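> return a 3D structure for these sequence lines:
(2 chains, ligands or ions: 2)
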Amino acid sequence: MKNMNKSTQKLLSTIGVIVVLYIVLSVMEGTGNLSSLLSGLLVPVCAYSLVAVGLNLCVGYLGELSLGHAGFMCVGAFASAFFSKVFMNTIPDVPRFILSLLIGTCFAALFGFLIAIPVLRLSGDYLAIVTLAFGEIIKNVINVIYIGMDSKGLHFSMKDMLSLGMEPGGTLVVNGAQGITGTPRQSTFTLAVILLILALVITHNFVNSRTGRAVKAIRDNQIAAETVGLPITKYKLIAFTISAAIAGVGGVLYAHNINSLIATTNNFGYNMSIMILVYVVLGGIGNFSGSVVAAVVLTLLPELLRGLSTYRMLIYSIVLIALMLFNWAPSILEYRNKHGLTAAAIAAKFKKKNTKEVS
Amino acid sequence: MALLEVTNLGISFGGLRAVDEFNLSIEKGELYGLIGPNGAGKTTVFNMLTGIYKPTDGKIFLDKTDITGRKTADINKAGVARTFQNIRLFGDQSVLDNVKIGLHNSFEYGTATGILRLPKYFATEKEMNNKALEILSVFGLDSAADILASNLPYGKQRELEIARALATGPKLLLLDEPAAGMNPNETRDLMNTIALIRKEFGITILLIEHDMKLVSGICEKLTVLNFGRVLSSGLTSDVLNDPEVIKAYLGE
Ligand SMILES: Nc1ncnc2c1ncn2[C@@H]1O[C@H](COP(=O)(O)OP(=O)(O)OP(=O)(O)O)[C@@H](O)[C@H]1O
Ligand SMILES: [Mg+2]
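Residues are numbered from 1 along each chain as shown, chains lettered A, B, ... in the order given. Ligands and ions are numbered 1, 2, ... in the order given. Reported below is the predicted structural model:
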C-alpha cells in the first residue's frame, strides 16, 4: 500500500510540474516572449510524449519490445485527419474534434489488437519484428491511397487521382504521397497538455490495478503467472491495445497541428519509432514521467542547439550518451546508490523538505 | 475416488523416458510425500500435473475430472496450485502484490473499473489487501508486505511462494522441495507451518523432498521414484522399511 502511495505521489508531482510548465509557457506565449520555433514545438512535444508513454506501457510493463509505435501514431493521425476533413463542413468544430479523437484512438487500438492477436501468443522477439514491419508497411500503404469525396459519396483508389472518377466539384481527401491537406488545426497546447495528463493518469491507474498486476506478473514470470491461473494472452492483448491506443492519441494531436499531413520515414517511419524508444529507454523503462521528461528534453535540445549549427548533432549525441550512462551504467548506478542520487532518494529528499515547510 | 488419481503417467524427452508408468492416488486431506534421488523425475511429475508438460501417456483426475493435458491456468482454476524448486516469484512486485496476484481469480473488477477508479475498485482492492494480509500472517510475512519480493531472504521467498499458491484457493497444493536451501531450524519451522496450513486451509498437500528423514516426520504416505519409475509406495513406515527402497535409496 505504501508502494501505491509512492507511485501516486510521483504521478501527482509530475502532473504538478507539467501544469506549472504549462502556465509559464502559456504566459510567455501570450506576452510574445516565446520564439516562434519553440511555440511551434509545444504540441509536437506533447504528441511525442504521449507516444512514449504508450510505448513505455508496452516495454516496461508488458515486457515486450515494439519497434513500430510510430505506425500506431500514423494510424491515429490519418484516421482522425480523414474524419475531420470529410466532416469539415457538416459537424461543428468541437464535437467533430472529439469524434475524430475517438476515431483516431480506436483505429490505433484496433491495429494494435489485430497485430497482437497472432504475435503475442508466441514468446521471443516476434513482436519487435512484426511491429517493425507494420510501421513500414502502414506508411507505404498510406502513400498510395487516394480518396475523394463528391455528392455521390467517397471514391477510393490505390492508383492515382484520376482513377477516382470524381465529379468536377469533388474534393480530394487523401492524395497519395501528398497525404491529407487542410486538416483543421485544432490541437492547441492546452488540449495537448490535458491529453498528456490524462494518459499519465490512465497508465498509472492501469498498472496499479488488478489487470495491471496481472500484466506485470506475466512479465516477471510467465510460468508462475500461468500456475496461479492468469489468462496470459488476454492480459497481453489488453496491455498492448492500450499502448497502441495511447500512441494513436499522439497521432491525432500531431495531425491536427499541421496543415499537410504526409507519411514519411522521419515522422512516422522507423526513425521515429526508434526515437520514441530512445525516449523510453533514457527516461527509464517502466517510468512514465521519465518518458515525458526525455521526450521534452530530447525534442527541444536539437532545436535549442540550432545556433551551433555544425556541432548540433555532435552535442546531441554526447548528451544522449551521457544520459544513457547516467541511467544505466552499473558503476554509475552504484555511485548514485551510495550517494543517494537515485530518483527515489531525490524524491524522498524533496518530500522531507516539503513536509518541513508545511509543518 | 481419491482427490488426485494418476494412472500410468509417462513422458519422453526425445529418447529419454523421464517418467514411466507412474501411478499415484491421494485422498482428500492427506499430506503425501514424493521422494527420490536427483533426476528421478519428481519435478517432471509436478510439471505434468500442472500442465506445464503434456504427458505422453496416462491420465490425471482431480476430483473425478480429467485434467490431463489441460492448460496450466485451467488446471489452477480446477484446484491445483504449486511452488517451484527454483523459486519463481514476481520479483519486481511487493510481497503483498504477489499474494494479490494469487487472489486474482477470486476477486473481480474489470480493467475499465481499475482505470477509472470506480468505487468498486476501492472496495475490492481493500478486500484483497485484507485477505492477502491474512494469508501472509500465517507465515509471519504480513510485516514485510511492502517489501519487494526479490528483496526477501531466501527462506522467506519460499514461504511467499507457498502463500501465493494458497491464495488461489487450491484443493491440492504441490510443494517442490520447500525446504531447499534452509538451515535445520528454518526447515523445522517450515514443516510445522506446512502441517498447520493443511489443517487451517483444509487442503491436500503433495510435497517433494530430497531428505528422507524430513518427510518421514510429517507425511502419512510416500511414493518413491527412481529412474522415472515408482519403486515403492504406501504408508510412510512401510515404505521406509521396504528392502527395495533401502537398497536403492537409503543405500550403504
Ligand atoms: N524439458 C526437459 N527436456 C529434457 N529433459 C528433461 C526436461 N525436464 C526434465 N528432463 C530430464 O528428466 C529427468 C528428471 O528430471 P527432474 O527434474 O524431474 O528430476 P528431479 O527428480 O526433480 O530431480 P532433482 O531432485 O534434482 O530436482 C532428468 O534426467 C532431466 O534431465
Ligand atoms: Mg526437481
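> next SSE downstream of the strand or helix carrying A:L25?
Assigned by DSSP states H and E, A:L25 falls within helix A:2-30. Note on helix A:2-30: by DSSP H and E, the next helix or strand toward the C-terminus is helix A:36-56.
> what residues sit buried inside that next one?
Using 16 or more other C-beta atoms under 10 Å in any protein chain shown as the test for burial, helix A:36-56 gives A:38-39, A:41-56. For every residue, glycine as well, the C-beta is placed using N, CA and C.
> report the central residue of the chain.
As the question left the chain open, I've gone with chain A. Nearest residue to the geometric centre of chain A (C-alpha atoms, centre = their mean): A:V51, 0.8 Å.
> could you do chain B instead?
B:L174 (2.1 Å).
> and the residue of the stretch 101-250 of chain A nearest chain B?
Nearest residue of the stretch 101-250 of chain A to chain B: A:S209, at 2.6 Å (C-beta to the nearest C-beta).
> for the residue nearest to that residue when sequence neighbours are not counted, give its distance to ligand 2.
Leaving aside its chain neighbours, A:S209 sits nearest to B:G114 (2.6 Å; criterion: C-beta to C-beta, 6 or more residues apart in numbering or on different chains). Applying C-beta to the ion, to the nearest Å, the value for B:G114 to ligand 2 is 38 Å.
> ditto for A:I194
Counting by C-beta to the ion - A:I194 and ligand 2 are separated by 55 Å.
> need the contact partners of the helix or strand where that residue lies.
Using DSSP H and E, A:I194 falls within helix A:189-207. The contact list for helix A:189-207 (C-beta atoms under 8 Å, 6 or more residues apart in numbering or on different chains) reads A:7-8, A:11, A:14-15, A:18-19, A:22, A:25-26, A:29, A:42-43, A:46-47, A:49-50, A:53-54, A:56-57, A:61, A:212, A:215-216, A:239, A:242, A:246, A:249, A:253, A:288-289, A:292, B:111, B:114-117.
> give me the pLDDT for A:N271.
For A:N271, the model assigns a pLDDT of 87.
> now swap in the one 10 residues further on and tell me
With respect to pLDDT, A:V281 has a value of 89.
> then A:P302?
76.
> other residues contacting the helix or strand containing B:K120?
According to DSSP H and E, B:K120 maps onto helix B:119-138. Outside helix B:119-138, the residues that touch it by C-beta under 8 Å, 6+ apart are A:1, A:209-210, B:95-96, B:99-100, B:102-103, B:106-109, B:113-114, B:142, B:144-145, B:160, B:163, B:166-167, B:193, B:196-197, B:200.
> intersect the contacts of helix A:189-207 with the contacts of ligand 1.
For ligand 1, no contacts are drawn from the contacts of helix A:189-207 by C-beta under 6 Å from any ligand atom.
> are any of those residues buried, and if so which?
Counted by 16+ other C-beta under 10 Å, the contacts of helix A:189-207 give A:11, A:14-15, A:18, A:22, A:25-26, A:29, A:42-43, A:46-47, A:49-50, A:53-54, A:56-57, A:61, A:212, A:215-216, A:239, A:242, A:246, A:249, A:253, A:288-289, A:292, B:111, B:114-115 as buried.
> what number of residues lie near B:R188?
14 (other C-beta atoms under 10 Å in any protein chain shown).
> any low-confidence regions in chain A?
Scanning chain A with the threshold set as pLDDT under 70 gives A:1-4, A:309, A:312, A:340-359.
> ok, now with 80
A:1-5, A:122-125, A:151-152, A:159-170, A:302-317, A:319-320, A:322-359 (pLDDT under 80).
> quickly find the element holding residue 240.
Unless you meant another one, I'm taking chain A. helix A:232-255.
> sorry, should have said chain B
Using DSSP H and E, B:L240 falls in helix B:236-241.
> going along the chain from that helix, find the next helix or strand for me.
Immediately after helix B:236-241, counting by DSSP H and E, sits helix B:243-245.
> so A:A79 makes contact with A:G104?
Yes: at 4.9 Å, A:A79 counts as touching A:G104 under the criterion of C-beta atoms under 8 Å.
> higher neighbour count, the two?
Between A:A79 and A:G104, A:G104 has the larger neighbour count (other C-beta under 10 Å), namely 32 against 23.
> give me the nearest residue to the more buried one, chain neighbours excluded.
A:S80 (3.2 Å).
> count the neighbours of that neighbour for me.
Neighbours around A:S80, by other C-beta under 10 Å: 33.
> ok, it to ligand 2 distance?
A:S80 is 55 Å from ligand 2, by C-beta to the ion.
> which residue is the nearest non-sequential neighbour of whichever residue of the stretch 101-250 of chain B sits closest to ligand 1?
Scanning the stretch 101-250 of chain B for the residue nearest ligand 1 gives B:H210, at 5.8 Å (criterion: C-beta to the nearest ligand atom). In space, and not counting its chain neighbours, B:H210 is closest to B:E177: 6.1 Å by C-beta to C-beta, 6+ apart.
> and if you look at B:Y53?
Closest to B:Y53 by C-beta to C-beta, 6+ apart is B:N47, at 4.3 Å.
> the spatially closest residue to B:V239 that is not a sequence neighbour: neighbour count?
Nearest residue to B:V239 in three dimensions, chain neighbours excluded: B:L222, at 4.4 Å (C-beta to C-beta, 6+ apart). As a burial measure, B:L222 scores 25 neighbours (other C-beta under 10 Å).
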